[in-house]
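> I would like the atomic coordinates for the input below:
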Amino acid sequence: RTDSTHVISAVRDVNRVELAGECVRAALEALAVAAPSWVRQVLEVPGWADRYGLRVDSWRMPTSKTKQEELARVYGADGYALVEAVYAPFSPAWLRHLPAVDVLRIMLIQHYVRTTDRRGRQVIKRRQDLASGGEGLPPGRYRLASPYDLDARWAAKGSELLWNGYKVHISETCHRSPDTQDILADPGTAPGTRPPNLITNVATTDATVPDTAMTATIHQHLARRGLLPAEHYLDAGYSSAELIVAAREQHQINLITPLRADNSVQARTCNGYDRAAFTIDWDNRQVTCPQGQTSTSWTPCRQKNRPMIVAAFPLNTCRPCPVRTLCTSAQHSGRHLTLHPRAIQETLDAARAEQTTLTWRDQYALRCGIEATIHQAVTVTGLRRARYRGIKKVHLEHIVSAIAINLIRLNSWWNGHPLARKRTSRLAQLEPALAA
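From the prediction side, this is the model:
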């Protein structure tokens, strides 16, 4: 079973204005160390020291939006002036390769634009969102969040969680709780004799990578170490019909995961004919509706860079249909169905039908144990706060944390210490007695 959690980076959180100022300051500090004589000759040191002598986040930012914009323009102008000086013919070429200078250059590209007005003067301004009529900002997965950790990214989960940093994916072994028949058939399945659940894989990404992009990667990591499971329990964030088919065909893994429900109007309102009400004849490339009418077109296409199929019913068939309002609201065309390729669509239909059964829900309950593992990693090793900068070091930290958790569990198992039982309040303990 696998799940992920957020990891906060080991750098300060800064807004866009503070990021611009700190990038300029970091570049100045690096140049002052690497080429102090060049700095004295090229820059007016007292003036630059007044603006960038202290960390930008060590003093209070002005609250006025106008003053913030003015400060941002000053940072942008200073940044462009510094980069132009570094790239000037009289400057040593090796200064351009300083990491802090490169970070400053990237920040200017991502957050500023330079234009020329009617009088031929250079105008520097900050980029704004396209929705606000601006030039647009780069996607979050590419945008720098700090000049000191180039891999950290801002991300949000829902409306409550916003963080700057990374995401860690933890996979561990899991077993069903043995019932009476299992224990009678094989005494080795009794509690206390089976090895504990152990973490088998840890993957670290920046905060913007979605869970669904990591499912195949996790399987590749497990396959490389010969640890592929027969069943893999995941939440809906990791799943799609395409991934279920790929895991079964490439690694013979059965993904136990809920798929998102049909989002059509008919399915959401439970009042009408959704996709499950139609019969698909894949061989003859036709779809039959609940009234016995067949589609007249079958058009392969691509939607969101995925192969899809659109099956359409003619207007003269749908218009006189007595249950038209339960099927479609289109006024100038008949019903259209958008289908995945056969293997994916059949997997999707079967999974949606299966996940409504009590048997599947009881089986899927095994996944929730990964939450306890994440809780243990957070409380014991401080997993949610990175101690280092850069994704490689943060990933190494996560590996060491996983090793520590495995050693703790093995030590408890080798010494016969049972797992801590779920705590129950005294009031809750009285409930069974009162029910009797």
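
> what residue ranges in the chain score low on pLDDT?
Under the criterion pLDDT under 70, the flagged ranges of the chain are 177-193, 419-422, 433-436.

> hey, which helix is longest across it?
helix 391-414 (DSSP state H).

> Give the buried residues for that helix.
Neighbour-count burial for helix 391-414 flags Ile391, Lys393, Val394, His395, Glu397, His398, Ser401, Ala402, Ile405, Asn406, Arg409, Trp413 (criterion: 16 or more other C-beta atoms under 10 Å). In this view, the C-beta of every residue, glycine as well, is placed from N, C-alpha and C.

> what about the strands in this protein?
2-8, 112-116, 122-126, 153-157, 161-172, 199-206, 231-233, 254-256, 279-281, 286-288, 297-303, 306-312, 336-339 (DSSP state E).

> mind listing what's buried in the fifth one?
Within strand 161-172, the residues that count as buried by 16+ other C-beta under 10 Å are Trp163, Asn164, Gly165, Tyr166, Lys167, Val168, His169, Ile170, Ser171, Glu172.

> Pull up the gap between Val42 and Ala85, please.
Distance from Val42 to Ala85, counting by C-beta to C-beta, to the nearest Å: 5 Å.

> Can you check which residues contact both of those two?
Ser91 (C-beta atoms under 8 Å, 6 or more residues apart in numbering).

> and Thr205, how many residues sit next to it?
Thr205 has 22 neighbours, counted by other C-beta atoms under 10 Å.

> residue contacts, it?
Contacts for Thr205 (C-beta under 8 Å, 6+ apart) come out as Tyr166, Lys167, His169, Met214, Ile391.

> For the residue lying closest to the fourth one once chain neighbours are set aside, which residues are in contact?
Taking C-beta to C-beta, 6 or more residues apart in numbering as the measure, Met214 lies nearest to His169, with 5.4 Å between them; neighbours along the chain are not counted. For His169, the contact set (C-beta under 8 Å, 6+ apart) comprises Thr2, Asp3, Ser4, Asn201, Val202, Ala203, Thr204, Thr205, Asp211, Met214, Ile218.

> switch to 10 Å and redo it
Contacts for His169 (C-beta atoms under 10 Å, 6 or more residues apart in numbering) come out as 2-5, 201-205, 209, 211, 214-215, 217-218, 221, 238, 398.

> So which residue is dead centre in the protein?
Pro210 (2.5 Å; C-alpha atoms, centre = their mean).

> Correct me if wrong: that residue contacts Thr217.
No - here Pro210 does not reach Thr217: they are 11.8 Å apart, not a contact under C-beta atoms under 10 Å.

> Quick check: Gln126 touching Ala77?
Wrong residue type there; residue 126 is Arg, not Gln. No - counting by C-beta under 10 Å, Arg126 does not reach Ala77; the two are 11.5 Å apart.

> which residue packs closest to Glu135, ignoring adjacent ones?
Counting by C-beta to C-beta, 6+ apart, Arg127 is the residue found nearest to Glu135 once chain neighbours are left out, at 4.9 Å.

> How far does stretch 87-105 stretch from one end to the other?
Stretch 87-105 has its terminal residues 11 Å apart, counting by C-alpha to C-alpha, to the nearest Å.

> got it, and stretch 377-396?
14 Å.

> got the contact list for it?
Against stretch 377-396 from outside (C-beta under 10 Å, 6+ apart): 5-11, 146, 148-153, 163, 165-166, 168, 170, 199, 202-206, 374-376, 397-398, 400-405, 408.

> Identify the residues contacting the nearest residue to Arg16 once chain neighbours are set aside.
Leaving aside its chain neighbours, Arg16 sits nearest to His111 (6.2 Å; criterion: C-beta to C-beta, 6+ apart). His111 sits next to 16-17, 19-20, 23, 72, 75-76, 79, 126-127, 137-138, 143-144 when contact means C-beta under 10 Å, 6+ apart.

> quick one: which of those is nearest to Ala230?
Proximity of the contacts of His111 to Ala230 (C-beta to C-beta) peaks at Arg143, which lies at 40.8 Å.

> so that closest one makes contact with Gly136?
No - Arg143 is beyond contact range of Gly136, at 11.5 Å (criterion: C-beta under 10 Å).

> Who has more neighbours out of these two?
Between Arg143 and Gly136, counting by other C-beta under 10 Å, Arg143 is the more crowded of the two (17 against 12).

> Mind picking the two most distant members of the buried residues of helix 391-414?
Greatest spacing in the buried residues of helix 391-414, by C-beta to C-beta: Ile391 and Trp413 (32.7 Å).

> count of residues packed around Ala428?
When counting by other C-beta under 10 Å, one arrives at 9 neighbours for Ala428.

> can you give me the helices in the stretch 151-300 of the chain?
Listed in chain order, the helices of the stretch 151-300 of the chain (DSSP state H, counting those that start in this stretch) span 180-185, 215-224, 241-251, 265-269.

> Out of those helices, which gets nearest to Arg361?
Across those, closest to Arg361 is helix 241-251 (C-beta to C-beta), at 17.6 Å.

> hmm, who's touching that closest one?
212-213, 215-216, 219-220, 222-223, 228-230, 232, 234, 239-240, 253-257, 259-260, 306-307, 340-341, 343-352.

> make it 6 Å
Thr215, His219, Leu228, Ile253, Leu255, Ala343, Ile344, Thr347, Leu348 (C-beta atoms under 6 Å, 6 or more residues apart in numbering).

> Out of the residues you listed, give me the one that has the most neighbours.
Counting neighbours by other C-beta under 10 Å, the top entry in the contacts of helix 241-251 is Thr215, with 25 neighbours.

> wait, that residue sits on Tyr238?
Yes - between Thr215 and Tyr238 a contact is recorded at 4.8 Å, counting by C-beta atoms under 6 Å.

> For Arg105, see how far away the residue nearest to Arg16 is.
11 Å.

> same deal with Ile124?
For Ile124, the distance to Arg105 (C-beta to C-beta) stands at 14 Å.

> now do Leu243
According to C-beta to C-beta, Leu243 stands 39 Å off from Arg105.

> And for Lys125?
With distances taken as C-beta to C-beta, Lys125 is found 18 Å from Arg105.

> Between these two, point out the one with more neighbours.
Arg105 (19 against 15).

> burial of the residue nearest to the more buried one when sequence neighbours are not counted, as a residue count?
Nearest non-adjacent residue to Arg105, counting by C-beta to C-beta, 6+ apart: Val83, 5.5 Å away. Other residues lying near Val83 total 18 when counted by other C-beta under 10 Å.
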